[in-house]
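# Please find the sequence and the predicted model below.
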Amino acid sequence: MKTPDLKVGTRVTIVFENEINRSNTHYIKALVYDYENDNIVISQTTPALNRHFLNRRIRVTFLAKIEKRFVRFGFRAQLIDLITDYEISSNKYVEALILKQYETPEEMDFRMHFRIKPPSQSRINLSFQEGKINLIDISLGGAQFTCPKSYLFLRGDTINVKLTIDDKEFDLKARVRNIFIPYEYSAHNSIQYVSVEFKYKNLQLETTLGRAIIEIERKLLSEGKI
C-alpha cells in the first residue's frame, strides 16, 4: 500500500502516547496549516492545548482515500512550540502549534479509535444471540463487554452481533480479540470479559455510531466525568 502524504488542509486527530489504548483516551482535533520537511504547523486544537503540553510525545492520525476506501494512517511526533500570532491570511493571526514528525505515516489499527464508556441509560446497546450484553466501552473499531460464561467464545472467532443506536439496528460481524475469565472464587465468576474488533463497511453505521460517541463524550465532559 502506498503511503499517503500529509497535506495542507488535512484534518488530523491527536492523542498523547501515554494515553493510547486506555479507556479514557482523549482524542483532539486540528487542521494542518503548513507542512515543510518534518515540521508541521497545525491549528489550535479542540479542546485547546497550552504551553504546559509542549515537548509531549503524541500520535498524529489522519484519513486518506486508498483504492476507493478511507484508511486511517498515523505517525509519532512531538509538540515543540505554540505560536500566538501565526499569520493564517493577510492581517489575520491565530494561535498555532508546531509539531516535529519522527516517522513516516503507517496504517493504524482499530485500537486508535476513541473509546467511550456508555452511561447506564445509553442510546448505544450491543446484543449477541438476541441477548443484551453489558458494554464496558465502545469505539468505531470495537468494543469491550461482559457476558455470561455460557457464551463459548474463543480468541480469533468471528461472531455476529447487533448494534442498536436509538431506533436504528445494525447487524455486523466482530472478531474476538481477547477474553478474560475471573478466577473461580471471585464475586464475578459467572461472567467473562470480552474484547472484539468490529468488521464492517457501512458508512451509515460509522456515521451514526461516531455521532453517538461524540454526544456521549460531550455530555460526560460537561458533567466533569472525563
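Looks like it arrived, so ask away.
# Now the element after the longest strand anywhere in the chain, going C-ward?
Looking across the chain with DSSP state E, the single longest strand is strand 69-89. Note on strand 69-89: by DSSP states H and E, the next helix or strand toward the C-terminus is strand 92-101.
# From the chain's centroid, how far away is that next one?
23 Å (CA atoms, centre = their mean, to the nearest Å).
# Low-confidence ranges, the chain, go.
Counting by pLDDT under 70, the chain has low-confidence residues at 1-3, 20-25, 109-115, 183-188, 221-222, 224-226.
# Can you show me the strands along it?
11-16, 28-36, 39-43, 57-66, 69-89, 92-101, 106-107, 124-128, 131-138, 142-148, 158-165, 168-180, 191-199.
# got the buried residues for the longest strand of the chain?
For strand 69-89, a neighbour-count test (16 or more other CB atoms under 10 Å) marks 72-75, 77, 79, 82, 86 as buried. (C-beta placed from N, C-alpha, C; glycine too.)
# Could you tell me how far stretch 170-178 lies from the centre of the chain?
17 Å.
# Now that stretch: buried residues?
For stretch 170-178, the neighbour count (16+ other CB under 10 Å) marks 170, 172, 174-176 as buried.
# Could you dump those residues into a markdown table and include distance to Leu163?
Formatted as a markdown table, those follow (distance: CB to CB, whole Å):
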| residue | distance to Leu163 |
| --- | --- |
| Phe170 | 5 |
| Leu172 | 6 |
| Ala174 | 9 |
| Arg175 | 15 |
| Val176 | 16 |
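# and which of the residues you listed is nearest Leu220?
Phe170 (23.3 Å; CB to CB).
# Relative to Gly9, how far out is the residue lying farthest from the centre of the chain?
Outermost residue of the chain with respect to the C-alpha centroid, by CA atoms, centre = their mean, is Asn91; its distance is 36.3 Å. Remark: distance between Asn91 and Gly9 (CB to CB, to the nearest Å) = 21 Å.
# Closest to Phe128 out of the buried residues of stretch 170-178?
Set against Phe128, the nearest of the buried residues of stretch 170-178 by CB to CB is Ala174 (8.9 Å).
# contacts for stretch 10-18?
With contacts defined as CB atoms under 8 Å, 6 or more residues apart in numbering, stretch 10-18 is touched by 6, 25-32, 42, 45, 56-63, 76, 112.
# do the same with stretch 38-58
6, 12, 14-18, 28-35, 60, 76-83, 86, 94-102.
# are any of the residues you listed buried, and which?
Counted by 16+ other CB under 10 Å, these give 6, 12, 14-16, 28, 30-33, 35, 60, 77, 79, 82, 86, 95-101 as buried.
# got a list of what the closest residue to Arg72 other than its chain neighbours touches?
Using CB to CB, 6 or more residues apart in numbering and skipping residues adjacent in sequence, the residue nearest Arg72 is Met108, 4.8 Å away. Applying CB under 8 Å, 6+ apart to Met108 gives the contacts 61, 72-74.
# cutoff 6 Å now
61, 72, 74 (CB atoms under 6 Å, 6 or more residues apart in numbering).
# which one among the residues you listed gets closest to Thr208?
Using CB to CB, the contacts of Met108 come closest to Thr208 at Arg72, 18.5 Å.
# what bridges to the closest one?
Leu63 (DSSP bridges).
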